[in-house]
Structures are given as C-alpha cells and as structure tokens.
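J.: with the sequence up front, the predicted model follows.
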Amino acid sequence: MSDYTESEERLRDALDYKSKHPEASFRWLEKQFGVKKDRLCRRWNHTQKSKSDRDPTNLKLSAHEDKALCWYLTRLWEIGVPLRHKNIAAAANELLAMRCGPDEQPTTVGEHWPNRWLERHTEFAVVREKPIELERQRAMNVEQIRSFFEKYKAAVDQYKIKKADTWNMDETGVRVGVGRGQWVIILAGEEQGRFSNLIGSCGDTEHVSIIESISAAGTVIAPLIIVKGVVIQARWFADIKDGDIAIGVSESGYSNDVLSFQWLQHWNRLSKRTQQGTHRLLIMDGYESHLSFQFVRYCEMEKIVPLRLPQHTTHFLQPLDVVIFQQWKHWHAEAIDYAVRHGVGEFDRQTFLSNIESIRKATFSEGNVKSAFRKCGFVPFRPQLVLRQITVNEAVLDDELEEDNGSNIDSGLQEIWSSPNTHDKLYCQATAIQDMLRSSVEPPDTPTRAQNRTNVETFMQTVLAKDIVHKQLTEYMWDSRIAQVQQERRKTRSRAQVQKGGIVYAEDVDREISNLHDLGAKWETQLPPDQKVYLLVLRSTVLPQLILKTKSRKQAADRTAINCQRRATRKRKLEESDVFA
C-alpha cells in the first residue's frame, strides 16, 4: 500500500470523526490521526478532491466530446450495432480531428486508450461474442428476425414514417467488362462439343462499385459510381444525361468513410424531393463505413432514422439484394453481350459509363422496386413472409407483376389489297388467306382446295421466313454500325481532368454543347428497313469509293501543282542566267 493510500485512509477516518463530533478542532485531529490540518480543512469544506475523485488533467477528449462519444455508442446499440475497441478509437479520432484546422495535424488516441476510456465509463461493459455452429445460428434466426421486424415497426410508428420515406441503400460491385454466358439455340446433337459454343470476350476486368437506393413508393434516386483511381476525367460524363448521377474515385474502387458520408449528403438532397413526413427511414447493412461517428451524427441532424439489418440476413431481408441487383447485373451482362456480338471492341470503363443509364432504366421499374419491399415483408408489413422461409423449407408465393405483352397484330385488312411493303402487312395478308382456306374445308373438299392450302403453307414458310431473316439482318448490321461509331467517338474523346478525389455530379461537368450526333442517331432509328439498307450501302460502299476517288484526284492535283511550280522555277532561273550573260 502506498503512502498516499495510507494517508487517504487516515484522512477519511478523521473526516468521519469530525462529522460525528463537530466540536473537534482541526489541530486536535491533526495530532490524533497524523494528517495536516490544512488538508483536513480543504477536504471538509469541499474545496479539494482526492486524486481518485479529481478530473484527470491529461484527458484526450473534453467533457462535451466525451458525452458525444457516449451518445454515439448508445445510438449504435439502439440500432443493434455493438462496436469493437478499434471503432471507439476511430470515433475518438474523428472528434479530435474536428478541433483542428485544414493545415493542422490532428492528434490521435493510442492503442490502449479505448480500454482506459471504458474503465472510466461503467455504463458500458465489454463482453465476448461467442461463435456458434451453423445449425444453432439457424435456430436462433427466427427470434432474431422477429426482433428486427419489431424494431422496424416501432420506428415506423414512433416517427410516423410514410411509405415514400422508407428507403433501402446498398452497394454492389461489378467487373466492368465481364458478362455471363447466354442461352442460345443450336441444332440438336451439337451441344456436346467442348469448344463448339464459345463466344469471345474482350472486356475490362476493372472493379466498379455502385451505391443505389430505392423507396417503398417505387422511387429511385441517381447512384454514386465509385471508380478505381485518383483523378476524375471529364470524358466519363460525356454520354450521361442525368445530371444527378455522381462519380467518385478511391484507390481500391470500393467505398470508404469519406465516400459513404458524401453519398449520405447526396442521398439526403435527392430524397427530400419526395419526402412526405418529418423523418425518413434508411434500411442498410452493417458495413463499417455506414457506422462512422460523422455518418450517425448527420443522420441525427437531418432526421434520418438508420435501421441496421441483422448479420447474414441481407440475402433475404435487403430489398436491393433480393430483387434489384440480380436484374441490374443481368442487364449489365446483356449490354456486354450486345457489344461483343456487334463488334464494338473492348467493353471498357468509358463504354460501361455510357451504358449505365440504359441498364438502370431496364432495371428500376416501379413494379420491380415495390416488389422488392413486398418480398422482404416491409411494405405492406408482413413479416410472416420472411419468417416462413426460415421455419419451413418451402417456396413463398408472391404476387407477380403483370407484364404487357404488347398489342396483337391487327388481322383486319382493307377490302382492296395492295402489294405488301412491310413485314406486318405481309403477315396480315398471309394469315387472312390461310384463314380463308381453312374455312373452305367444308364438304365438298376438292383436291384444288387442298392444294391451295398446301401452297399457302409453303408461302408462309418461305416468304415470311425470308422476310424475317432480312429484317433481322438489317437491324443487326444497323445496330452494329451505330455501336461501332459510338465506340469510336468514346475512344477519341479528350482525357481532361475535372478534379482529384471526391465526387463530381454529371450536371457540373462541361460537355459538348452540340447535339447533332444525337439528333442524327435519333432520326436514323426512325427510318424504315429499306432506307436503312440504302444508307448502309451508301456508307459502306459508295462513300468509301467517293473518298478514294476524291483522294486520288487530290493527289493528281497536288502532283500537277508541284510540276507547274518546278517548271516555273526552272524558267525563272534560265531567265536570270540570260540576263547575267
């Protein structure tokens, strides 16, 4: 026992005696207990505390910062996120960094600082998580999921969350030019060859992350695209028409604390456009970048209620994972397959960014978004859909969206037929003839009628088949030319730098003012197939020949001009020599 501890015990005994005998003087207590009277007087008048009760003088955090850290831990515990020691240190470092200016180097806490901080705050306890076997985890999942849905319902009731204010966010990653195999039709018996059904792939394997968010009302906001790199280039935005799409860069191509916070600000600005209530609910996973002190504090300030999904449940509780991202990657693979089959060349980062809007347009229909929240039991609130998947190994019946199969071809024809000049008109006439002959099978069925029906069937099988093949080949050649021209334009764009790091919105980037290329492409898509053929022949055969003839004529004219210049030079030299002679 140290001398200070012994003196403190004698001091407490003296103070206890003083409280029972107030008439005892400090000088007498000094002689009896061996403690200086001045020290006894200060302690009795509460003007001095013992060392164990005094506020430490070497604390890293101030009182307000300490309360902020306590609030942060309590808030995360309420949404079901227990933190580790390194997360507490990271939050403390964020608080310390707020003190410093832009040019100052912030101080940081040490490795053992979280342990000492927890010793001073007895309202928090340290427990050890116990790993459990997979079967036991499955058995516990029912209660875990039921508890999560109770938290969700309590948050919706407490803050009166509207359907339009219920949001889900998640990050997904894709390899830019890596697609997937497609189902194709081949002749029976030819499917066993090892190398018979292969298609070339020349895509880029670079990783790109996309942060998407959807609401239960079917609303979708523009994403944040995270590209691996340091500098943002202006040409990335050349084909992006939505000005709210943002592109950021990171060294790894994945999200981090800074980009997650910048996305939160991006989402806050765009989701306010459709906000109906006072608070918004944000359902998300437990990724560490989503749980920083800055992230949680900003949610509190903007009346955003974060709700964390339980671990290992995103595959059946996260709406984006359950429905949306599967279709997102399907349409991404379709874009790669289209580029490969039409000879575009390498499906690189620039090509990916030029297709990002068409991929999202095909993915984010209002029905798909609402279906995602319905299948996860959020809106309408039906947790039994999810719980039944855990407790019983059977399929869950969901309401499927009715798809519009398109309008049927009108079989009605004019009384006086004209020569068919389109596929639809040819089909209508052939169908009408076939129906007429089919109705003529009533007795007596003559051999002439039977032969006529056979002839019409042959007509249907040959003429219509040739027309379909002609139309498909024309569309294929046309689409290939358009895709190759667009790819050449992307490759020749300038690599001007916009900024280093951070995120940039498409609307903030200066792009080409002229939209003649887009207008020309739009006009060309409206041409009938015959005119498309003429235009293809013109551009693939006639124009190259005209260019060659023009080039040869230019070369001949250049040679003639050079010869004339040489003759004039020789003539001038001869005249000068005659003068001197």
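T.: Yep, that arrived. Numbering: from 1, shown residues only.
J.: can we go C-alpha only for contacts and neighbour counts from here?
T.: Will do.
J.: sort out which residues of stretch 336-343 are buried, please.
T.: Of all the residues in stretch 336-343, those buried under the rule 16 or more other CA atoms under 10 Å are I336, D337, A339, V340, H342.
J.: any idea how far A556 is from S354?
T.: Here S354 is placed at a distance of 43 Å from A556 (CA to CA, to the nearest Å).
J.: neighbour count winner among these two?
T.: For S354 versus A556, the count of surrounding residues by other CA atoms under 10 Å is larger for S354: 19 against 12.
J.: setting aside sequence neighbours, what's the nearest residue to the more buried one?
T.: D239 (5.0 Å; CA to CA, 6 or more residues apart in numbering).
J.: just checking, that neighbour touches T351?
T.: No - look at D239 against T351 with CA atoms under 8 Å: they stay out of range, at 9.2 Å.
J.: out of those two, which sits in the more crowded spot?
T.: T351 (24 against 19).
J.: lowest average confidence, helix or strand, in the chain?
T.: Ranking every helix and strand in the chain by mean pLDDT, DSSP states H and E puts helix 516-525 at the bottom, with a mean of 56.
J.: domain map for the protein?
T.: Structural domains assigned to the chain are 3-44, 63-120, 141-181+202-391, 423-491, 527-581, following automatic domain parsing.
J.: which of the ones you listed comes out lowest on mean pLDDT?
T.: Lowest mean pLDDT within the domains of the chain: domain 423-491, a mean of 63.
J.: R12: helix or strand, and which one exactly?
T.: Using DSSP states H and E, R12 maps to helix 3-20.
J.: buried stuff in that helix?
T.: Judged by neighbour count using 16+ other CA under 10 Å, the buried positions of helix 3-20 are R10, L11, A14, L15, K18.
J.: reformat these as a markdown table; add distance to R120.
T.: Listed next are the buried residues of helix 3-20 as a markdown table, based on distance: CA to CA, whole Å:
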| residue | distance to R120 |
| --- | --- |
| R10 | 26 |
| L11 | 24 |
| A14 | 28 |
| L15 | 26 |
| K18 | 31 |
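J.: where does the closest residue to Q48 other than its chain neighbours fall, secondary structure wise?
T.: Distance criterion CA to CA, 6+ apart; nearest residue to Q48, sequence neighbours excluded, is R42 at 5.7 Å. Per DSSP H and E, R42 falls inside helix 37-44.
J.: residues contacting that helix, please?
T.: By CA atoms under 8 Å, 6 or more residues apart in numbering, the surrounding residues in contact with helix 37-44 are L11, A14, L15, F26, R27, L29, E30, Q48, K49.
J.: send the alpha carbons of that helix over as CSV?
T.: Extracted as CSV, the C-alpha positions of helix 37-44 are listed here (Å, rounded to 0.1, in the frame of the first residue of the first chain):
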residue,chain,number,x,y,z
LYS,A,37,-4.9,20.4,9.4
ASP,A,38,-4.9,22.5,6.2
ARG,A,39,-5.6,19.4,4.1
LEU,A,40,-8.4,18.4,6.5
CYS,A,41,-9.9,21.9,6.3
ARG,A,42,-9.9,21.9,2.5
ARG,A,43,-11.4,18.5,2.3
TRP,A,44,-14.0,19.3,4.9
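J.: wait, L385 sits on V379?
T.: No - using CA under 8 Å, L385 is not in contact with V379, being 11.5 Å away.
J.: on that earlier part again, check the buried residues of helix 3-20 and tell me the two furthest apart.
T.: Farthest pair in the buried residues of helix 3-20 (CA to CA) is R10 and K18. Separation: 12.3 Å.
J.: helices of the stretch 1-150 of the chain, start to end?
T.: Using DSSP state H, counting those that start in this stretch, the helices of the stretch 1-150 of the chain run over 3-20, 26-33, 37-44, 63-78, 85-99, 113-120, 134-159.
J.: can I get those helices in a markdown table with distance to S577?
T.: Listed next are the helices of the stretch 1-150 of the chain as a markdown table, based on distance: least, CA to CA, whole Å:
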| stretch | distance to S577 |
| --- | --- |
| helix 3-20 | 121 |
| helix 26-33 | 133 |
| helix 37-44 | 123 |
| helix 63-78 | 99 |
| helix 85-99 | 88 |
| helix 113-120 | 100 |
| helix 134-159 | 105 |
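J.: looking at those helices, which is buried most?
T.: Among those, helix 85-99 has the highest mean neighbour count (mean count of other CA atoms under 10 Å), at a mean of 17.
J.: got the angle for that helix vs helix 63-78?
T.: For helix 85-99 against helix 63-78, the angle by axes from the mean of the first three to the mean of the last three CA atoms, to 10 degrees is 140 degrees.
J.: ok, the nearest residue to T107 once chain neighbours are set aside - contacts?
T.: With CA to CA, 6+ apart as the criterion, T107 has its nearest non-adjacent residue at 6.5 Å, and that residue is L96. Counting by CA under 8 Å, 6+ apart, L96 touches L61, P106, T107, T108.
J.: switch to 10 Å and redo it
T.: For L96, the contact set (CA atoms under 10 Å, 6 or more residues apart in numbering) comprises K60, L61, S62, E65, A90, P106, T107, T108, V109.
J.: the first one: how many residues sit nearby?
T.: By other CA under 10 Å, 18 other residues sit near K60.
J.: can you report how many residues lie near the nearest residue to it once chain neighbours are set aside?
T.: For K60, ignoring the flanking residues on the chain, the nearest one in space by CA to CA, 6+ apart is V109 at 7.2 Å. A count of nearby residues for V109, using other CA under 10 Å, gives 15.
J.: V109 contacts L61, correct?
T.: Yes - taking CA atoms under 10 Å as the definition, V109 is a contact partner of L61 at 9.5 Å.
J.: intersection of neighbour lists for those two?
T.: Taking CA under 10 Å, 6+ apart as the criterion, V109 and L61 both touch A92, N93, L96.
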